[in-house]
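In: Need the 3D shape of this:
(2 chains)
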Number of protein chains: 2
Amino acid sequence: MYPPKQHQDNNIDHMIEVIKTYPLATVISVKDHHPLITHLPLVYEDGKLIGHIDIYNPQAELLKGDNDVTLIFAGPECYISPSIYSTTQLPTWNYIKVHLKGKVRAIESKAALKQSLITMTEFLEAPDHKYTLESDNPRLDKNLDYIEMFEITITDWEGKFKLSQDKKPSDTKAARKELIRANTQSITHFLDQIF
Amino acid sequence: MYPPKQHQDNNIDHMIEVIKTYPLATVISVKDHHPLITHLPLVYEDGKLIGHIDIYNPQAELLKGDNDVTLIFAGPECYISPSIYSTTQLPTWNYIKVHLKGKVRAIESKAALKQSLITMTEFLEAPDHKYTLESDNPRLDKNLDYIEMFEITITDWEGKFKLSQDKKPSDTKAARKELIRANTQSITHFLDQIF
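Out: Predicted structure coming up:
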């Protein structure tokens, strides 16, 4: 009954594509029955995810010792008005989310941390590589003492791809078109209100 | 020390703007030390948020009885390459996230649920109103038995607006421009890979 089968995608390659295109993870730990949440880019490699956290972030002490961690990677999402369909439907929301569970351990080596920051920058700067984080960058060295590196071994994968797959092909296509339209709309008006 | 003051925005009007522009909330409950997570659009009014959940979703039983609930509303985000700045900086990620904590209660009345689905649709269809959810829609009536309505009273607000505010004005402006560029980029290539 739940979750509806037509909205689940168990293809790990699809989930990795989401992780690589939208690397900013919502990292969730639980302490005393309350969630601690930080938004951090993570780099995927061979069933593991590497990240870095500010040592003063209260969640840092939980990202070690094989603790449980839950991750959300979020792809595009939008409201789907029934007006976009050729058939009669109720309003809904479409989205692409990847939920992962894993075990997290700290990596204490400052050399590994440094290399990992360089590797992450290389990944995020692809394909144009307009910037390279050089290993002799003095700011980089200065920062190493204030960052903790961690590695998550993924134990559970769940792909929530809610994309009107249960509608007839022309309506699924209309929903896809709407997702593209909504996710390439200007955000300038919104930013003007808040910043 | 944490969170860095320059990235916190305590202006509730700014947070409400995020909630109204990006209504798809990440709704987090904790059960037996594990987070349960559902993505649901919520409608804000006077310090409260109204939502609806599938009765077969295991989280439904937690969205009642004045239970604790944590919410994330997510605005735009993007990687900030040091190459966009006129000054020397390290790579970072900018984002707008609103973290809320609240108490949730169920609203049992089917009449209130029905009216609330109509009101939510009205809100989400603004400003063009290409679709109206009519109260005599037979699909709507058929669905009421499978949806639970809940109301969250917000107790804690946290605005995480990480927007390079600590840089010099021309660099903050460059980061804003990059946020706009990244968030209006085509998603077609990504969708082609996964769907």
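
In: mind listing the strands in chain A by residue range?
Out: Along chain A, counting by DSSP state E, strands occupy A:24-31, A:34-41, A:43-45, A:48-54, A:67-80, A:92-107, A:147-162.

In: Check the offset of the first one from the chain's centre.
Out: Counting by Cα atoms, centre = their mean, to the nearest Å, strand A:24-31 is centred 11 Å from the centre of its parent chain.

In: that older thread, Throw the strands of chain A into TSV and include distance to chain B and mean pLDDT, thanks.
Out: In this view, the C-beta of every residue, glycine as well, is placed from N, C-alpha and C. TSV is the format used below for the strands of chain A (distance: least, Cβ to the nearest Cβ, whole Å; pLDDT from 0 to 100):
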stretch	distance to chain B	mean pLDDT
strand A:24-31	5	98
strand A:34-41	5	98
strand A:43-45	12	97
strand A:48-54	6	98
strand A:67-80	5	98
strand A:92-107	5	98
strand A:147-162	7	98
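
In: For those strands, could you give me CSV that also reports distance to residue B:153 and mean neighbour count?
Out: Putting these into CSV (distance: least, Cβ to Cβ, whole Å; neighbours: other Cβ atoms under 10 Å in any protein chain shown) gives the following:
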stretch, distance to residue B:153, mean neighbour count
strand A:24-31, 22, 22
strand A:34-41, 17, 19
strand A:43-45, 38, 16
strand A:48-54, 31, 20
strand A:67-80, 24, 21
strand A:92-107, 23, 19
strand A:147-162, 28, 19
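
In: As CSV, those strands with distance to residue A:61 would be great.
Out: CSV is the format used below for the strands of chain A (distance: least, Cβ to Cβ, whole Å):
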stretch, distance to residue A:61
strand A:24-31, 9
strand A:34-41, 10
strand A:43-45, 22
strand A:48-54, 10
strand A:67-80, 9
strand A:92-107, 10
strand A:147-162, 9
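
In: List just the one of the ones you listed that sits closest to residue B:113.
Out: Closest approach to residue B:113 among the strands of chain A (Cβ to Cβ): strand A:92-107, 16.2 Å.

In: So what's the gap between that closest one and the chain middle?
Out: Taking Cα atoms, centre = their mean, one finds strand A:92-107 lying 7 Å from the centre of the chain it belongs to.

In: just stretch A:22-36 next, same as before
Out: Averaging C-alpha positions (Cα atoms, centre = their mean) puts stretch A:22-36 12 Å from its chain's average.

In: Could you work out the end-to-end span of that stretch for me?
Out: End-to-end distance for stretch A:22-36: 21 Å, by Cα to Cα, to the nearest Å.

In: what's in contact with it?
Out: Taking contacts as Cβ atoms under 8 Å, 6 or more residues apart in numbering or on different chains, the residues outside stretch A:22-36 that touch it are A:19, A:37-44, A:49, A:51, A:58-59, A:62-63, A:67-75, A:123-124, B:26, B:28, B:30, B:33-35, B:37, B:68, B:70, B:72, B:77, B:79, B:93, B:95.

In: What of stretch A:185-195?
Out: B:9, B:14, B:17-18, B:21, B:75-76, B:96, B:161, B:163, B:176, B:179-180, B:183-184.

In: can you do 10 Å?
Out: Stretch A:185-195 is contacted by residues A:78, B:9, B:11, B:13-18, B:20-22, B:75-76, B:96, B:159, B:161, B:163, B:165, B:172, B:176, B:179-180, B:182-184 when judged by Cβ atoms under 10 Å, 6 or more residues apart in numbering or on different chains.

In: Please pick the buried ones from the residues you listed.
Out: A:78, B:9, B:14-18, B:21-22, B:75-76, B:96, B:159, B:161, B:163, B:165, B:172, B:176, B:179-180, B:183 (16 or more other Cβ atoms under 10 Å in any protein chain shown).

In: Quickly list what the residue nearest the centre of chain A is bridged to.
Out: By Cα atoms, centre = their mean, the mean C-alpha position of chain A lies nearest to residue A:73, the distance being 2.6 Å. Under DSSP bridges, the beta-bridge partners of residue A:73 are residue A:25, residue A:98.

In: That one contacts residue A:39, correct?
Out: No: Residue A:73 is beyond contact range of residue A:39, at 11.1 Å (criterion: Cβ atoms under 10 Å).

In: which one of the strands of chain A lies closest to residue B:88?
Out: strand A:147-162 (18.4 Å).

In: if we can go back for a sec, tell me which of the strands of chain A sits nearest to residue B:136.
Out: strand A:92-107 (20.0 Å).
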